[in-house]
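Participant: Would you be able to build a 3D model of this:
(one chain, ligands or ions: 2)
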Amino acid sequence: MVVKNIPSICLSCGGCVGVCPHDAISLEDMKIIINESKCNGCGTCVIFCPVGAMTLEDKPTNEVER
Ligand code: SF4
Ligand code: SF4
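Facilitator: Numbering: from 1, shown residues only. Ligands and ions are numbered 1, 2, ... in the order given. Just a heads-up that it's a prediction; the model follows:
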């Protein structure tokens, strides 16, 4: 699983940046950037986000787990 940000919903509040235990989220130019090589799909940011702008998705099957 990997997390995706939905920019049309996201308020760029930056709250999720601080809750990620793997330091996989950053806020750049008021946009949320997810480092997919760090994200392990724990869902902490999905639960945290007050507006539901983080969503968990299956990784494409052609993507090799590293
Ligand atoms: S907590 Fe939600 S609204 Fe705030 S920056 Fe993260 S994804 Fe966007
Ligand atoms: S799912 Fe977990 S590891 Fe991935 S960005 Fe959210 S809090 Fe970080």
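Participant: This structure: strands as residue ranges?
Facilitator: Using DSSP state E, the strands of the chain run over 2-5, 25-28, 31-34, 54-57.
Participant: Including mean neighbour count, mean pLDDT and distance to ligand 2, could those go into CSV?
Facilitator: No exception for glycine: its C-beta is placed from N, CA and C like everyone else's. As requested, the strands of the chain are exported to CSV (neighbours: other Cβ atoms under 10 Å; pLDDT from 0 to 100; distance: least, Cβ to the nearest ligand atom, whole Å):
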stretch, mean neighbour count, mean pLDDT, distance to ligand 2
strand 2-5, 19, 95, 4
strand 25-28, 14, 98, 5
strand 31-34, 16, 97, 6
strand 54-57, 16, 95, 6
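Participant: Minimum distance to Leu11: which of those strands has it?
Facilitator: strand 31-34 (9.9 Å; Cβ to Cβ).
Participant: Is ligand 1 within reach of the closest one?
Facilitator: Yes. Using Cβ under 6 Å from any ligand atom, we find that strand 31-34 touches ligand 1 at Ile32.
Participant: What pairs with that strand, parallel or antiparallel?
Facilitator: Strand 31-34 has its sheet partners listed here by DSSP bridges as strand 25-28 (antiparallel).
Participant: What ranges in this protein fall below the confidence cut-off?
Facilitator: For the chain, applying pLDDT under 70 flags the ranges 60-66.
Participant: Residues of it that sit close to ligand 1?
Facilitator: By Cβ under 6 Å from any ligand atom, the residues of the chain that approach ligand 1 are 5, 10-16, 32, 49, 51, 53-54.
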